[in-house]
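Colleague: need coordinates for the following:
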Amino acid sequence: MHVLIIANGSGHDTQSVQYADDSAAGKDLKAEFETLLKRRIAERGVQFIGEEAKSGVQTIAQFLGPRRENIDMCVAEREARGIAEEQRGRTTEPRYLGEDACSGLTEDGYQKEVGNGWVLVTHRLPSDEVREQYMFDRVMQEVGDADSVLVVCGISHSRQLAEKFRHEAGNVVEIEYWEPK
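Modeller: Residues are numbered from 1 along each chain as shown. Model (predicted):
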């Protein structure tokens, strides 16, 4: 199976049909994301989409053709697994990096450049591993006989999911990092 992971660095609201930011810039961002998904689905003959998305929220990917499943863990499941409190407590820390400030994935988590040499770092949590295993398991349960799969997830989960698809299931995996221009 070939797996393309689109690592969304703009936040999950971009994936929603009802995007909170209805400004021209917000609409452009959503359109850019939709164009990316359509292009990758067509180029790769995607047969299945696994998407990390809020439960009950309609997403762009739901309306693009291939069978799509939400692979994120709902709040009740997080509670049952004892990780809900830690997940709710995720922090973002500002750091001044000066000329080295840039958006990207680091060992600490995802850092997003916010200007003037500052970044916001969203830290990884130990319970992220539980969620990533759940996402991987959901894809593997739902994929059926698809040989081209698209996984849309937050950027902070991308490397760990890619490793699971490569090493636990022997798939060919690519990660495409997407951040708005």
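Colleague: quick one: the residue most central in space within the chain from residue 126, how far?
Modeller: What sits nearest the mean C-alpha location of the chain, by CA atoms, centre = their mean, is residue 153, with 1.4 Å. Separation of residue 153 from residue 126 (CB to CB, to the nearest Å): 18 Å. In this view, the C-beta of every residue, glycine as well, is placed from N, C-alpha and C.
Colleague: not counting sequence-adjacent ones, nearest residue to residue 44?
Modeller: Nearest residue to residue 44, sequence neighbours excluded (CB to CB, 6 or more residues apart in numbering): residue 148, at 5.1 Å.
Colleague: for that neighbour, what are its contacts?
Modeller: Taking CB atoms under 8 Å, 6 or more residues apart in numbering, we find residue 148 in contact with 1, 2, 4, 44, 45, 46, 47, 48.
Colleague: most neighbours among these, which one?
Modeller: residue 46 (23 neighbours; other CB atoms under 10 Å).
Colleague: pLDDT at the residue nearest to residue 73 when sequence neighbours are not counted, what is it?
Modeller: Nearest-residue entry for residue 73: residue 134, 4.8 Å, with adjacent residues in sequence omitted and distances by CB to CB, 6+ apart. According to the prediction, residue 134 has pLDDT 98.
Colleague: helix or strand for residue 134, which one?
Modeller: helix 128-142 (DSSP states H and E).
Colleague: just the buried residues of that helix, please?
Modeller: By 16 or more other CB atoms under 10 Å, the buried positions in helix 128-142 come out as 128, 130, 131, 132, 134, 135, 136, 138, 139, 140, 142.
Colleague: look up how far residue 118 lies from the second one.
Modeller: Read it as residue 130. 31 Å.
Colleague: all strands for the chain, in order.
Modeller: With DSSP state E as the criterion, the chain has strands at 2-8, 48-51, 67-70, 92-96, 104-105, 109-115, 118-123, 148-154, 172-178.
Colleague: sheet partners, orientation included, of the lowest-mean-pLDDT helix or strand in the chain?
Modeller: Lowest mean confidence among the helices and strands of the chain (mean pLDDT, DSSP states H and E): strand 104-105, at a mean of 90. Here strand 104-105 has these sheet partners by DSSP bridges: strand 109-115 (antiparallel).
Colleague: report the angle between the partner strand and strand 118-123.
Modeller: Put simply, strand 109-115 runs at 160 degrees to strand 118-123, going by axes from the mean of the first three to the mean of the last three CA atoms, to 10 degrees.
Colleague: check the gap between the closest residue to residue 1 other than its chain neighbours and residue 144 for me.
Modeller: Spatial nearest neighbour of residue 1, chain neighbours left out: residue 171 (4.7 Å); criterion: CB to CB, 6+ apart. For residue 171, the distance to residue 144 equals 14 Å [CB to CB].
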